[in-house]
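pasted the sequence and its predicted model underneath.
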Amino acid sequence: MRRRIISSLVAACWAFLTVVGLELVSNVARRGIAGYPNAGQWRFYVTFPLVMLLFSAGLVLLSKRLTTVLYAALVIVGILAIAPFLLFYGGGL
């Protein structure tokens, strides 16, 4: 039970970042500025969080079947990926 709760919290964080990224990119697209949003922005703000969300959702589904060490390692990867992502999320000044 604890495994699924932890995995669900990580998945919820990535789901939030996916929705926020999609809104950011959509708002830029609505402005109609030529060349924006580019493919790199789509990958960074939408695709990467979506992949991590699917990874975390897989952990929720497989949490009972994985060994404790493997589960802990995968959850730590999911959690630690949030910090560098947010570090570059703002894009600088």
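Alright, I've got the coordinates.

what residues of the longest helix seen in the chain count as buried?
Criterion DSSP state H: the longest helix present in the chain is helix 2-31. Judged by neighbour count using 16 or more other Cβ atoms under 10 Å, the buried positions of helix 2-31 are 3, 6-8, 10-11, 13-15, 17-18, 21, 25. Where C-beta positions appear, they are placed from N, C-alpha and C, glycine not excepted.

closest to Pro84 out of those residues?
Closest approach to Pro84 among those (Cβ to Cβ): Leu17, at 12.4 Å.

who's in contact with the closest one?
The contact partners of Leu17, by Cβ atoms under 8 Å, 6 or more residues apart in numbering, come to Pro49, Met52, Ile82, Phe85, Tyr89.

out of those residues, which sit inside helices?
Among the contacts of Leu17, the members falling in helices (DSSP H) are Pro49, Met52, Ile82, Phe85, Tyr89.

burial of Leu87, as a residue count?
By the measure other Cβ atoms under 10 Å, the count of residues near Leu87 is 8.

do Gly90 as well
7.

relative to its centroid, which residue of this structure is most remote?
Most distant residue from the mean C-alpha position of the chain: Ala34, 27.2 Å away (Cα atoms, centre = their mean).

tell me the angle the helix or strand hosting Leu87 makes with helix 2-31.
Secondary-structure assignment from DSSP states H and E places Leu87 in helix 82-89. Taking axes from the mean of the first three to the mean of the last three Cα atoms, to 10 degrees, one finds that helix 82-89 is oriented at 10 degrees with respect to helix 2-31.
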